[in-house]
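Asker: Sequence and predicted model, in that order:
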Amino acid sequence: MAAAGAVPVLARIAARADDRILDGGVDATAHAADVTGQLAARVDDDGVDRGVEILAGRVRRLGHLARIPQTGAIHQYFLQAVAVLTIGVVAWFVYAVMG
């Protein structure tokens with residue numbers, strides 16, 4: 001009969017241990033996961049997203065610059081080809097002279 005009386009006492013002790021130790025560990029783990037998630041979100045928003053937005057802005061600007069010489073006028077294309085060839089020849093002469 002003594003064992004039957006000890007079971008409720010042991011159950012209360014186990015319940016208190018569960019409430020204080022195990023629940024505390026679960027709550028601490030949940031809090032740590034929440035803080036880690038908030039930190040990761042801040043890094044993503046402030047670092048990764050900002051970097052992607054800056055890169056997208058630069059690519060957009062390069063796309064705009066690439067469309068500027070596309071006038072459809074053939075004499076503009078010839079002028080651009082002459083300019084590129086002239087730059088190439090000058091670069092080749094500089095390289096040949098400098099060695």
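Answerer: That came in fine, so what should we check first? Here the structure is a predicted model, which means the values were calculated and not measured.

Asker: Stretch 85-94 - what's its average pLDDT?
Answerer: If you average the pLDDT over stretch 85-94, you get 96.

Asker: Roughly how far does A96 sit from A40?
Answerer: Remark: distance between A96 and A40 (Cβ to Cβ, to the nearest Å) = 55 Å. In this view, the C-beta of every residue, glycine as well, is placed from N, C-alpha and C.

Asker: Who has more neighbours out of the two?
Answerer: The residue with more neighbours, out of A96 and A40, is A40; 11 against 8, by other Cβ atoms under 10 Å.

Asker: For that one, give me the pLDDT.
Answerer: We note a pLDDT of 95 for A40 in this prediction.

Asker: Model confidence for the residue nearest the centre of the chain, exactly?
Answerer: Closest to where the C-alpha atoms of the chain average out (Cα atoms, centre = their mean) is V48, at 2.8 Å. pLDDT, V48: 91.

Asker: what's the burial count for V9?
Answerer: 9.

Asker: And the helix or strand harbouring it, how far out from the chain middle?
Answerer: Per DSSP states H and E: V9 is located in helix 2-17. On the basis of Cα atoms, centre = their mean, to the nearest Å, helix 2-17 sits 53 Å off its chain's mean C-alpha point.

Asker: quick one: buried residues of that helix?
Answerer: By neighbour count on 16 or more other Cβ atoms under 10 Å, the buried set for helix 2-17 is empty.

Asker: what about the helices in this structure?
Answerer: Secondary structure of the chain, counting by DSSP state H: helices at 2-17, 23-43, 49-67, 74-98.

Asker: Which neighbouring elements make contact with the first one?
Answerer: Just to be clear, that refers to helix 2-17. Helices and strands touching helix 2-17, by 3 or more Cβ pairs under 8 Å, 6 or more residues apart in numbering; DSSP states H and E: there are none.

Asker: Need the residues that contact that helix.
Answerer: Outside helix 2-17, no residue is within contact range by Cβ atoms under 8 Å, 6 or more residues apart in numbering.

Asker: Using PDB, list the CA coordinates for that helix.
Answerer: Output of helix 2-17 as PDB, limited to C-alpha atoms (Å, rounded to 0.1, in the frame of the first residue of the first chain):
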ATOM      1  CA  ALA A   2       2.900   2.300   0.500                       C
ATOM      2  CA  ALA A   3       3.800   2.000  -3.100                       C
ATOM      3  CA  ALA A   4       0.300   3.100  -4.100                       C
ATOM      4  CA  GLY A   5       0.600   6.300  -2.000                       C
ATOM      5  CA  ALA A   6       4.100   7.000  -3.500                       C
ATOM      6  CA  VAL A   7       2.900   7.000  -7.100                       C
ATOM      7  CA  PRO A   8       0.900  10.300  -6.900                       C
ATOM      8  CA  VAL A   9       3.900  11.900  -5.100                       C
ATOM      9  CA  LEU A  10       6.300  10.700  -7.700                       C
ATOM     10  CA  ALA A  11       3.900  11.900 -10.400                       C
ATOM     11  CA  ARG A  12       3.800  15.400  -8.900                       C
ATOM     12  CA  ILE A  13       7.600  15.500  -8.700                       C
ATOM     13  CA  ALA A  14       7.900  14.300 -12.300                       C
ATOM     14  CA  ALA A  15       5.300  17.000 -13.400                       C
ATOM     15  CA  ARG A  16       7.200  19.700 -11.600                       C
ATOM     16  CA  ALA A  17      10.500  18.600 -13.200                       C
END
